[in-house]
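*Asks:* Next come a sequence and a model predicted from it.
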Amino acid sequence: MGGAQKPVTSGTKKGQLEKTTGNTAGGGSQTKYWEWDGKKWKEIDKQLYDAGGSEAPYNDKSTLTVGPYKPPTNNKKSYIRWPDAMVTSSSDYIYFEFGKYVPPFSNDASNSVPSGSSGIDAYNASATAFKPESINGVAGILLPMPQDLSTESRQEWQGKSFTRIGKSAVAALAAGNPRPGVNTAKDVMGNLEAMMAAITSSGLNKLPGVGGNLTLSDITGSTRGVVLNPNAEVLYDSPNLREIGMTFKLVASNPTESDTIHKICQVFRRASSPSYGKVDDPGSNFGYGGEVSQEKVKEVFGSDNFIHVPKLCKFTFMSGSKAHKYIAQYKPCAIIRVQVNYTPDGTYASYSGTTAPVAVELALGFLESKLIYSSEISTGLGGTF
């Protein structure tokens, strides 16, 4: 039988990679790529082989620029996933990692900005300084695409009303010359009448029984049958931070997956909760300009006066070993909601011989830590925000 065959020897450890080369029946050369799963050799494609196998399905060539997501090469085993299936170059999934919250105005954030950087780089500094950390020995989590996946960007626009006087005054003030507003007030009879009505309403509102709730339009409407022209204009107010929710129904097919599902839920719960009475990172300088020991922190603040901010989560939509180029990505996010439903099908059920639930529904809510600006949304493809 021609072509490349499986490696002859057994793998020495789970995740070991090998490649074999042989001649095909037609006289050509063929190379196959293999990964040892602990019991047997599994054939994988070249892209996954080059990326480091199924335990490290990423590379460091992502086009994302805010928040790193590169697994440590010496700790591949600390990544857990559900279901326990091989990730290939055609798999779409989400990769979650967790790291400490970097205060936006701290020295840790400002020191991460290279000299000569743009203003938006300085704004993103605290997010760029995000560094993955392990929680309960878990450095990252792989989950399939959620049941409902969408992204939404909201912008705040508001309608504002301007009278003729107000409109002229605003235009004049913006130009640094108040006289056009004064001239308009002198030249337009309607504005004089409006001013008189305003004076009248101010006086009437002080009378007993009026209640102080008469407006200028109340006066003109009740006496002349006209009200002020609102001259409504829509004005831009501000962008909103993006929110996203994800729901996963996790069903275990064996005891090992039951333990994995439990661990995934615990990691998210722990990452979203604050820590009490001490600082998670004793090296944080708290604005002092140098490292401060945990003993110093306790001396200055007291161990019971503060709680430490929860971790942030950086999740990346993946396709094989690269960031998914057709789905909008997110900067590091705060975990604002973790809901674990142990009865997603309406009744509680556990596997025979174990107390693990048959199915668990995990609902997550995230709030992005930074705003997204137009320049960060590329017109091309490649994992942009």
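*Replies:* Thanks, I have it. A quick note: this is a predicted structure, and the numbers were derived from the prediction, not measured. Numbering: from 1, shown residues only.

*Asks:* Can you give me every residue that contacts the closest residue to T163 other than its chain neighbours?
*Replies:* Leaving aside its sequence neighbours, T163 sits nearest to L228 (CB to CB, 6 or more residues apart in numbering; 5.4 Å). C-beta: built from backbone N, CA, C; applies to glycine. L228 makes contact with T163, A194, L216, S217, T220, according to CB atoms under 8 Å, 6 or more residues apart in numbering.

*Asks:* where's the closest residue to E376 other than its chain neighbours relative to A85, distance?
*Replies:* Spatially, and ignoring its direct neighbours in sequence, E376 is nearest to F385 (4.7 Å; CB to CB, 6+ apart). Plainly put, F385 is 29 Å away from A85 if you go by CB to CB, to the nearest Å.

*Asks:* sorry, back to before: surely the residue nearest to E376 is in contact with L371?
*Replies:* No - with contacts counted by CB atoms under 8 Å, F385 stays clear of L371, the gap being 10.0 Å.

*Asks:* For those two, indicate the residue with more neighbours.
*Replies:* F385 (19 against 16; other CB atoms under 10 Å).

*Asks:* OK, contacts around the more buried one?
*Replies:* L64, V66, A328, Q329, Y330, K331, I372, E376, I377.

*Asks:* If we use 7 Å, what do you get?
*Replies:* Applying CB atoms under 7 Å, 6 or more residues apart in numbering to F385 gives the contacts A328, Q329, Y330, K331, I372, E376, I377.

*Asks:* could you flag which of the residues you listed are buried?
*Replies:* For the contacts of F385, a burial check counting by 16 or more other CB atoms under 10 Å picks out A328, Q329, Y330, K331, I372, E376.

*Asks:* Can you check the pLDDT for the third one?
*Replies:* Model confidence at Y330, expressed as pLDDT, equals 93.

*Asks:* give me phi/psi at the residue lying closest to it once chain neighbours are set aside?
*Replies:* Of all residues not flanking Y330 in the chain, E368 sits nearest, at 5.5 Å (CB to CB, 6+ apart). Here is the backbone geometry of E368 (degrees, to the nearest 10): phi -70, psi 140.

*Asks:* re earlier: with distance to G99 and secondary structure added, can I get the buried ones among the contacts of F385 in JSON lines?
*Replies:* Listed next are the buried ones among the contacts of F385 as JSON lines, based on distance: CB to CB, whole Å; DSSP: H, G, I helix; E, B strand; the rest coil:
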{"residue": "A328", "distance to G99": "21", "secondary structure": "coil"}
{"residue": "Q329", "distance to G99": "16", "secondary structure": "coil"}
{"residue": "Y330", "distance to G99": "14", "secondary structure": "coil"}
{"residue": "K331", "distance to G99": "12", "secondary structure": "coil"}
{"residue": "I372", "distance to G99": "20", "secondary structure": "coil"}
{"residue": "E376", "distance to G99": "20", "secondary structure": "helix"}
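
*Asks:* between these, which is nearest I244?
*Replies:* Y330 (6.7 Å; CB to CB).

*Asks:* you'd agree that closest one is up against S369?
*Replies:* No - counting by CB atoms under 7 Å, S369 is not a contact partner of Y330; they are 9.2 Å apart.

*Asks:* what's around the nearest residue to A129 once chain neighbours are set aside, how many residues?
*Replies:* The spatially closest residue to A129, leaving aside those adjacent along the chain, is S112, at 4.1 Å (CB to CB, 6+ apart). Neighbourhood size, S112 [other CB under 10 Å]: 20.

*Asks:* got a list of what the residue nearest to Y330 touches?
*Replies:* L241, R242, Y330, K331, C333.

*Asks:* The fourth one and Y373 touch, don't they?
*Replies:* No - counting by CB under 7 Å, Y373 is not a contact partner of K331; they are 11.1 Å apart.

*Asks:* what helix or strand is I244 on?
*Replies:* Per DSSP states H and E: I244 is located in strand 243-251.

*Asks:* same deal with I120?
*Replies:* helix 119-123.

*Asks:* How about Q158?
*Replies:* Using DSSP H and E, Q158 sits within strand 155-161.

*Asks:* got the residue ranges for the helices in this protein?
*Replies:* Under the criterion DSSP state H, the chain contains helices at 46-51, 107-110, 119-123, 125-128, 164-174, 179-187, 189-204, 216-224, 255-271, 294-301.
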